[in-house]
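# sequence plus the predicted model coming up.
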Amino acid sequence: MSQLAAELLEPITPPSGQVVASEAIQGRGPWQLAWARLRRDKVAIGSSLVIAVIALAAIFAPLIARLIGHGPDTQFQSTGLSPQGIPVGPSTSFFFGTDDLGRDVFIRVIYGARISLLVGVIASGMAIIVGVVVGLAAGYLGRAADTVLSRLMDVILSLPFLVFAIALVSVVGPSLTITVAVIAFFSWASVGRIVRGQVLSIKEKEFVEAARSLGAGDLRIMFVEILPNVLAPTIVYATLLIPLAIVFEATLSFLGIGVIPPTPTWGNMLSEAMPFYRVAWWFVAFPGLALVVTTVAFNLLGDSIRDAFDPRGSRSS
Amino acid sequence: MTAELRDPSPRTDEDVLLRLEEVVKYFPVTSAKVFRGKRDHVHAVDGVSLDVARGKTIALVGETGCGKSTLARCITRLYDLTSGKVVFDGEDISNHSRRRLRPYRRKMQMIFQDPYGSLNPRRRVGSIIADAFTIHGVAEGEERKAKVQELMELVGLNPEHFNRFPAEFSGGQRQRIGIARALALHPQLVVCDEPVSALDVSIQAQVINLLADLQDELGLTYVFIAHDLSVVRHVSDRIAVMYLGRIVEIADTDDLYARPRHPYTNALLSAVPVPDPDVASRRERVLLVGDVPSPIHPPTGCRFHPRCPRAQEVCAVEDPVLSLQQGDRTGHAVACHFPLTDGEAHA
């Protein structure tokens, strides 16, 4: 190396003794910084704890059932119903009371969490994957691909969700798979739009040109250069999409076109409880509360994640 | 016309690495009109011919919007040409498909203007520099890492910092990262698109010195783009002055500074700051009036005539041809009906 370059090197290269010590230095990337901010956020910690408790309850539902001695479908004709056939209120044997068939509401709410989380995570996961791929393709490829994909997203966003769902279910019959598919089908387009918008601005950056001038292909540019830059808003949207999907599922089950009884979900429990709300408040309150707590926790977590990625636009303002 | 517009100074004693022939790049303008007749175009580069000798530096100078950066992207084939030819090392690559361009990507690289926009903020520096190896499947694993660190050392970065993100570096250091990335595959030609315009003056000198050292060491050929004549004086062997998509004057560096022929070059030179206040106060500034005309509808005749202090009637009608001066042996060409003589230059 020439004299001059050697001179230039000097101020930035530490003496050889320090090199070993600095080996452990690792850059704190945007992800680590966001993670550090998230860990200091009390709301984020609180809502994560709530979600964790619900998730654990859902995962260990059979264990809980064994501990309290009965499952979600066990009917207590004598102890679970009053002599007039009215559900009994919360007690030490039924923490959340019983329903109109003498089943334990507590264990049914816990089993309901399984469906809610399953649908929420799988449906929004599918929506995110499809939305990201379509959004990337539309934004990056532009021209005809953009026109076709963008109009497709417009069409899906303009379809009435419930009418479509009711029509579909009346043809193929209700099931968990159909529920997930319908929710995913109606959710991916909004993800696609968000991603497309981000890609439109990022693809004009010089680092995309740099990659192209190095000979990178379209797929590499889309997934190695652009995707990491749209991931943060996508993750934020994903956490907000989960509660949305949970509510969708509850809506469908409430209307009897989602998950069918006797499988307990919060939606169909609410539906079953409707005629009894004046005599058995617990029958409505606990599934409803579970739904509200879960969606609020996910929404708050989503907000916190968004703030963590973009500290400038925080809620404090 | 085509024959005369070719770089009039191809010197046979030199080995030409890059030859541009009548390069034209128009961008269509999207108009709001529903019923549009003829579509408007931005005449970004409008017939540029140029020879770049191996191992030398040619500078492209001109105001913002004169088509320098577009020309750079035509050379590296990031843009498709509207017409004309880019001949690299004897091969016409102007119509090569992406696939056929791949081997040329290794031979010519680009350094970008914006040290902030040209590095992906979400990727570690090591992996940015290693991109070239990854894309062309050159080295793997430990070997790749060793090569990356070697490159970082070459451009004056601490090789231990390969694991950091671009945000953790200063502007000058980021530009070094960009240089390392460009040099990874040992290119022959490096197109530098205003590599120092975004940097502090003190850092500009460092980066320019680094580029000069690397040229000596690796035998690089540079196409160096700048909007500032004071920067290019130190790096270039030859300078082409551009105005509205055309080359208006091209000459060896010393010759251009000593004897500018085109009124536009003269005006640019008179704007270069002089360190000596006595000289500066004695010297006459040539002030250009008005703005650069729209490249959508460039002026008729000589494109510079609306702003030219020497313009006469013929200038508005007849487009001057870039041609050698009488009795010139250094390859000093100018496109002007009334070029300046030695005594008329600014200083």
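Yep, that arrived. Numbering: from 1, shown residues only, chains lettered A, B, ... in the order given.
# contacts only, for the residue nearest to A:Val105 when sequence neighbours are not counted.
If you skip the residues right next to it in sequence, A:Val105 has A:Phe96 as its closest partner in space, 3.9 Å away by CB to CB, 6 or more residues apart in numbering or on different chains. Yep, even glycine has a C-beta here, placed from its N, CA and C like the rest. Taking CB atoms under 8 Å, 6 or more residues apart in numbering or on different chains, we find A:Phe96 in contact with A:Pro90, A:Asp104, A:Val105, A:Phe106, A:Val109, A:Trp282, A:Phe286.
# ok, of the residues you listed, which one's closest to A:Leu157?
Distance to A:Leu157, by CB to CB, is smallest for A:Val109 among these, at 33.1 Å.
# hang on, the closest one packs against A:Ala290?
Yes: contact status for A:Val109 versus A:Ala290: in contact at 5.1 Å, counting by CB atoms under 8 Å.
# what sits in contact with each of those two?
Taking CB under 8 Å, 6+ apart as the criterion, A:Val109 and A:Ala290 both touch A:Trp266.
# the two: which is more packed in?
Comparing A:Val109 with A:Ala290 by other CB atoms under 10 Å in any protein chain shown, the one with more neighbours is A:Val109, at 26 against 22.
# residues in contact with the residue positioned nearest the centre of chain B?
Centroid-nearest residue in chain B: B:Ile225, 2.9 Å away (criterion: CA atoms, centre = their mean). By CB under 8 Å, 6+ apart, B:Ile225 lies in contact with B:Ala59, B:Leu60, B:Val61, B:Lys68, B:Ser69, B:Leu71, B:Ala72, B:Val191, B:Cys192, B:Asp193, B:Glu194.
# would you point out the most distant pair within those?
By the measure CB to CB, B:Val61 and B:Val191 form the most distant pair in those, at 14.5 Å.
# the more surrounded of the two?
More neighbours surround B:Val191 than the other of B:Val61 and B:Val191, with 29 against 24 (other CB under 10 Å).
# bridged to that one, which residues?
Listed beta-bridge partners, B:Val191: B:Met110, B:Val223 (assigned using DSSP bridges).
# I'd say it and B:Ile75 touch.
Yes: using CB under 8 Å, B:Val191 is in contact with B:Ile75, at 5.6 Å.
# contacting residues for residue 61?
Because you didn't say which chain, this covers chain A. A:Ala61 makes contact with A:Ile107, A:Ile110, A:Tyr111, A:Ala113, A:Arg114, according to CB under 8 Å, 6+ apart.
# wait, chain B was what I had in mind.
B:Lys68, B:Ile225, B:Ala226, B:His227, B:Asp228, B:Leu229, B:Val232, B:Ile239, B:Ala240, B:Val241, B:Met242, B:Leu268.
# just these: which has the poorest pLDDT?
Across those, the bottom pLDDT score, 76, is held by B:Asp228.
# what about the helices in the stretch 201-347 of chain B?
Remark: helices assigned in the stretch 201-347 of chain B by DSSP state H, counting those that start in this stretch are B:201-218, B:229-232, B:253-258, B:263-270, B:277-282, B:313-317.
# out of the ones you listed, nearest to chain A?
Nearest to chain A, of all these, is helix B:201-218, at 4.6 Å by CB to the nearest CB.
# which stretches of chain A have low pLDDT?
Scanning chain A for pLDDT under 70 picks out A:1-30, A:80, A:310-317.
# what ranges do the helices span in it?
A:3-9, A:16-22, A:30-40, A:42-59, A:61-68, A:105-141, A:143-158, A:161-172, A:176-202, A:206-213, A:218-220, A:227-254, A:266-273, A:281-309 (DSSP state H).
# near chain A, which residues of the stretch 201-347 of chain B?
B:Gln206, B:Asn209, B:Leu210, B:Ala212, B:Asp213, B:Leu214, B:Asp216, B:Glu217 (CB under 8 Å from any CB of the partner chain).
# what's the spacing between the last one and B:Asp15?
Using CB to CB, to the nearest Å, one gets 19 Å for the distance from B:Glu217 to B:Asp15.
# over to B:Leu322?
Applying CB to CB, the value for B:Leu322 to B:Asp15 is 23 Å.
# neighbour count winner among those two?
Taking other CB under 10 Å, B:Leu322 and B:Asp15 do not tie; B:Leu322 has more neighbours (24 against 11).
# just give me the neighbour total for residue 106.
Using chain A here. Using other CB under 10 Å, A:Phe106 has 20 other residues around it.
# let's do chain B instead
With other CB under 10 Å as criterion, B:Arg106 counts 18.
# out of everything not next to it in sequence, what's closest to it?
Using CB to CB, 6+ apart and skipping residues adjacent in sequence, the residue nearest B:Arg106 is B:Leu185, 4.4 Å away.
# and that neighbour, what does it touch?
Counting by CB under 8 Å, 6+ apart, B:Leu185 makes contact with B:Arg105, B:Arg106, B:Gln109, B:Ala132, B:Phe133, B:His136, B:Val138.
# what about the first one, neighbour count?
Under the neighbour criterion other CB under 10 Å, B:Arg105 is assigned a count of 22.
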